[in-house]
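Asker: I'll drop the sequence and a predicted model, then ask my questions.
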Amino acid sequence: MAEAVEAARVRGLLLGSALGDAAGVVRGRWPVGGPLAVGVSTQLAAFTAEGIIRASMRMDHKGICHPPSVLWHAYCRWAALQGIEPERISRRWTGGGGTWPDGWLARVPALAERRGSAPATVAALTGLTQGSPTEPVTASRGAHAATRSLPLAVPWAIWGAGGFERVVRGIAALTHGSPDAQEAAVGMVRLAGHCLREDDPITRWAGGGEGAEHPFDAVVRALPMPHAADPDTVLGLLRSPGGHPDPARLAWLAPDATAVSALLGALYTVACFPGRDTVRAALEFAAGAPDGRSVAATAGALLGAAHGVDALPVELLSRLELAWVLDTLARDLLQQCTDSPGGSEYQPPRDPNWWSRYPGW
């Protein structure tokens with residue numbers, strides 16, 4: 001199914017998420033000039049994308065891989081760059097010797113700058129013990145478990161969902177022990193994967209033409225409902241916005257900084273603004289949610305994946321922090337998932353520098 005995933009949509013996924021994150025930083029009120037800073041969820045998503053590539057490289061060259069462990073290593077590199085107990089974390093990976101963190105992403109200066117807090121992620125990383133669905137290390141329901149998982153939609157869309165949902169859940173559980181957060185991460189990846197593969201699934205879902213059989217509905221029904229509402233009630237609010245987008249309804253659907261709120265708030269946003277010509281308005285609206293960063297980042301990812309990078313407003317994208325980094329990661333992630341430029345145990349690499357860019361461990 002590799003041919004069904006276009007580079008423009010993968011780029012739209014990563015850049016749309018970051019642009020939504022930036023909208024949340026400024027609460028939807030864009031400054032007149034200057035760079036648009038992103039938040040910590042974009043930094044973590046960048047390391048997720050890099051980690052997926054490195055996990056695939058490990059599988060190609062070693063024939064065995066536990067993706068959550070490779071992603072744990074990726075988040076440890078982020079923590080070291082952030083100055084979060086760098087010497088202690090470094091010893092975990094080098095034993096006190098060698099050069100670490102490695103790979104090109106670790107040399108990006110903006111990834112060493114603080115862009116907000118990620119308490120559950122930091123608590124798990126400083127504990128030096130990776131969590132799992134059966135052995136959690138925190139009880140967090142936070143949105144970062146889901147927003148940082150969005151790049152996982154690319155291999156989901158290309159390789160298929162068989163067994164991959166367990167991988168997504170395991171990666172979310174590294175730092176977020178709540179089953180709610182893990183379910184939201186799986187749902188977010190599934191929806192973004194559908195947007196990467198299908199022809200405008202957002203408009204078809206928002207229009208209500210496919211009933212409960214639409215994949216988006218199944219994702220919503222698997223989530224805990226806000227305010228203990230009935231799933232049919234929530235789906236009705238999501239799929240029938242009715243007239244002008246309602247900030248009060250957005251706040252009711254996405255009342256806090258949890259992963260579930262990020263997903264439900266984003267779905268309401270894209271139902272209100274499903275078109276490729278309303279992406280800017282969608283991000284500005286989503287940024288007004290109680291946790292506007294996570295809602296807008298998720299909405300931006302879904303819209304970018306559905307419509308492609310050309311639907312993102314150039315006047316904002318050209319000012320976006322880490323835009324080149326994310327665009328490079330998007331292209332390289334798609335290339336690794338479809339073409340393995342780094343070779344394998346049995347085939348020489350077409351790109352001799354790929355392993356140094358993405359070491360397979």
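Answerer: Arrived safely, thanks for sending.

Asker: Below-threshold pLDDT in the chain: ranges please.
Answerer: Along the chain, the model assigns pLDDT under 70 to residues 1-4, 96-98, 208-213, 242.

Asker: Using the three-state scheme, assign residue 99.
Answerer: Classification of residue 99 using DSSP: H, G, I helix; E, B strand; the rest coil returns coil.

Asker: buried residues in the lengthiest helix in the chain?
Answerer: Counting residues, the longest helix in the chain under DSSP state H turns out to be helix 40-62. Buried residues in helix 40-62, counted by 16 or more other C-beta atoms under 10 Å: 40-61. The C-beta positions use only the backbone N, C-alpha and C, and glycine is treated the same way.

Asker: where do the helices sit along the stretch 201-350 of the chain?
Answerer: Secondary structure of the stretch 201-350 of the chain (DSSP state H, counting those that start in this stretch): helices at 201-206, 215-221, 231-239, 247-253, 259-272, 279-286, 292-307, 314-317, 323-339.

Asker: To residue 92, which of those lies closest?
Answerer: Of all these, it is helix 323-339 that lies closest to residue 92, at 24.5 Å by C-beta to C-beta.

Asker: The closest one: what's the following helix or strand?
Answerer: Under the assignment DSSP states H and E, the closest C-terminal helix or strand after helix 323-339 is helix 354-357.

Asker: Enumerate the positions of that following helix that are buried.
Answerer: In helix 354-357, counting by 16+ other C-beta under 10 Å, buried: 354-355, 357.

Asker: can you put those residues in a markdown table and add distance to residue 151?
Answerer: A markdown table is the format used below for these (distance: C-beta to C-beta, whole Å):
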| residue | distance to residue 151 |
| --- | --- |
| 354 | 18 |
| 355 | 20 |
| 357 | 16 |
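
Asker: OK, contacts around residue 111?
Answerer: By C-beta atoms under 8 Å, 6 or more residues apart in numbering, the contact set of residue 111 is 43, 46-47, 78, 81, 105, 322, 325.

Asker: Need those in JSON lines (columns: distance to residue 131).
Answerer: Formatted as JSON lines, the contacts of residue 111 follow (distance: C-beta to C-beta, whole Å):
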{"residue": "43", "distance to residue 131": "20"}
{"residue": "46", "distance to residue 131": "21"}
{"residue": "47", "distance to residue 131": "17"}
{"residue": "78", "distance to residue 131": "16"}
{"residue": "81", "distance to residue 131": "22"}
{"residue": "105", "distance to residue 131": "23"}
{"residue": "322", "distance to residue 131": "27"}
{"residue": "325", "distance to residue 131": "27"}
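
Asker: of those residues, closest to residue 36?
Answerer: Nearest to residue 36 among these: residue 322, at 9.8 Å, using C-beta to C-beta.
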